[in-house]
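Student: need coordinates for the following:
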Amino acid sequence: MRRRIPALVTAAAALLAAAGATGLATTPAVAATPAAIPAAAAACTPTEVVTDGGFENGSTAWTGSSGVVGSASGQSAHSGSKYAWLDGYGSAHTDTLSQSLTVPSGCTTATLTFWLHVDTAETTTSTAYDKLTAKLGSTTLATYSNLDAKTGYVQKSFDVSSFAGQTVPLSFSGVEDSSLQTSFVLDDVSLATSGGGTPPPPTDTTRTPVSPAYTVNLTSDATGGVWNGHESVSFSNASPTPLTEVYLRLWDNWHGSCPTTPITVSKVTGGTPAALSVACTALKITLPAPLNQGQSGTVAFDLGITVPSGADRFGRDGSFNFIGNALPVLAVRDGSGWHLDPYTNNGESFYSLISDFDVTLDHPTGVLVPATGTSVDSPGTSGRTVTRATAAKVRDFAWAAGPFSKISGTSSSGVAVNIYSVSGISAANSQSMLTTAKSAIDAHAQRFGAYPYGEIDAVIDNNFWFGGMEYPGFVLDLVSTTALTHELGHQYYYGIVGDDEYNSPWLDEAFTDYATDLALGSTGSGCWNSVSWASTAEKITNSMAYWDANSSRYSTVVYGYGKCALHDLQRLLGDTAMAKLMHDYTQAHWYGVSTTAEFKAAAQAATSTDLTSFWSQHRIEG
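Tutor: Numbering: from 1, shown residues only. Below you'll find the model as predicted:
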């Protein structure tokens, strides 16, 4: 996707800016990048540190003012039914809320997030009369006020890795003055840790497990919003280091209130499951015996999926369901250990290796199910259809379900393109998106290599707050030529050429925005001239841990500065050399994984000019 697509849609850009606003304290008073963990630090077990962050059990895990936790009329929860409501009295008042947290030692990543809704009767646009202060230990993370009032919830995120090994209180204090109410409403508080751990990471850099083959059979309810069935995945160990366990990423459990989750896994076979960790998005399965290099294993389980309300990459807009990142997929282990990064709503955390999917979806006939891969329909029981979607050499699988309107066509190079539109999208706009998709996929293929998946399904809904989102052979999008061209560019950069999206988001976002410019005839002339860094810590190559703590800068730097750096590299190398570099680099990493170091090495090999100062000037590190 790229969740926030700069300069695509004014509304999407405005939402991004709103998500990054933090009122009085716009720069968190904690480390911008994860603190280094000493070599002798204790082992890290990826875990969710906050107890009952969704407040569904009332105030049992929290200490605070009477009446703060509950479900009183006048406010609503971000998820579930309960929340914490501080202030809102319209008179001098102070509310507090706290919980003692122990942040495990040895973890390389610790991320605190919470959802905040502020509404106010204050009319000023300049004076902070009522304030909410969030602290971890004695450190003030941020202060919000009546000036932060917005419709709906906004997620706040802080890198708190520097607190590893400490037991400290997480506290919120709301102070209201003598008149005109301001309400501070909190929900879904999480402090997720990951990285490091036991056993120690392998010394080799081999990515494993490899060759995952997923077989999935799911049956939906009458709406296409609830699915139940079975999933199995076979895999092999490519590493000389034995594989004693695997991790499944249940990414969409971020949308629930851990441990109440929209993705449920039960009756696991082929290994012994542990408790869910990393805010319920990671499930460790210990294998019955270690798998040596070249050996294979299979785990299987019953699977339940309940799509939440909201036009999101995993969400429901009226009768239309969007089901991205819902299938549990294998995490990756390499020389850094298991990649168990937290979910980010600001961009992507997803990192997976090339896999095969065979997915059977049993659904009402009136509910269409555009999906990754090539689909074949057959009659089911009365009033139902069974759709079998198969996809080879992809990194993920996504689908949608609803009474879509569908039009189809074929690009000049022979790619089948299907446009699925929700109600309210005009026939003219659907046709425009079909034309865009056909030309965009051919333009990308001409530069980087023939599109290998045969088919593209694009689901169009103008209520998507994020602009667009990409999956292999399947994208979600607004009615926007630029946005759809961008999402189809992602078929190459993260789809065919993969990357660690949490730790190196520029490798797919910047590359895709650059490819979008090329496809639409934009040269990026002079765009590097407008670069202005917010701090010395800000770099194009920063991870999502940094961008979640500095969310208002994510789109500007990763998308904007990132693609401008590539345009600048093109001006330095020349058009022909840059075109060859991008084509050859894509081909060399086809179905593989790209790293910043590998791209820098490939660029240096394409010129006799020493690029050291170029990387430094453009803040491209790695």
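Student: give me the neighbour count for residue 114.
Tutor: Neighbours of residue 114 under the rule other CB atoms under 10 Å: 24. In short, each C-beta sits where N, CA and C put it, glycine included.
Student: state the distance from it to residue 365.
Tutor: Residue 114 sits 43 Å away from residue 365, going by CB to CB, to the nearest Å.
Student: go on, residue 57?
Tutor: From residue 57 to residue 365 the distance is 42 Å (CB to CB).
Student: can you check residue 547 too?
Tutor: 43 Å.
Student: secondary structure class for residue 428?
Tutor: Counting by DSSP: H, G, I helix; E, B strand; the rest coil, the backbone at residue 428 sits in helix.
Student: so what pLDDT did it get?
Tutor: At residue 428, the model reports a pLDDT of 98.
Student: ok, residue 335 next?
Tutor: Listed pLDDT for residue 335 reads 87.
Student: surely it is in contact with residue 239?
Tutor: No: contact between residue 335 and residue 239 fails when scored by CB atoms under 8 Å: they sit 9.4 Å apart.
Student: so what touches stretch 374-388?
Tutor: 358-365, 369, 371, 389-391, 454-455 (CB atoms under 8 Å, 6 or more residues apart in numbering).
Student: one more time with 7 Å, if that's ok
Tutor: With contact meaning CB atoms under 7 Å, 6 or more residues apart in numbering, stretch 374-388 is reached by 360-365, 369, 389-390, 454-455.
Student: quick check: next helix or strand after the host helix or strand of residue 217?
Tutor: If you go by DSSP states H and E, residue 217 is part of strand 210-220. Using DSSP H and E, the next helix or strand after strand 210-220 towards the C-terminus is strand 226-236.
Student: what about that following strand, distance to the chain center?
Tutor: 21 Å (CA atoms, centre = their mean, to the nearest Å).
Student: so what touches it?
Tutor: Taking CB under 7 Å, 6+ apart as the rule, strand 226-236 contacts 209-220, 294-306, 327-328, 330.
Student: do stretch 67-83 as well
Tutor: Contacts of stretch 67-83 (CB under 7 Å, 6+ apart): 54-56, 58-59, 62, 84-86, 95, 97, 115, 153, 183, 185-188, 255-257, 260.
Student: mind giving me the ChimeraX select for those, buried ones only?
Tutor: The ChimeraX selection below is limited to those of those classed as buried (16 or more other CB atoms under 10 Å):
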select :54,55,56,59,62,84,85,86,95,97,115,153,183,185,186,187,188,255,256,257
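Student: how near is the residue of the chain positioned farthest from its centre to residue 86?
Tutor: Distance from the C-alpha centroid of the chain peaks at residue 178, with 41.7 Å (CA atoms, centre = their mean). Note on residue 178: its distance to residue 86, by CB to CB, is 17 Å.
Student: show me where the stretch 401-550 of the chain has helices.
Tutor: Applying DSSP state H, counting those that start in this stretch to the stretch 401-550 of the chain gives helices spanning 427-448, 481-489, 506-519, 544-549.
Student: hmm, I was thinking of the chain
Tutor: Remark: helices assigned in the chain by DSSP state H are 10-20, 427-448, 481-489, 506-519, 544-549, 551-554, 562-573, 575-588, 596-605, 612-617.
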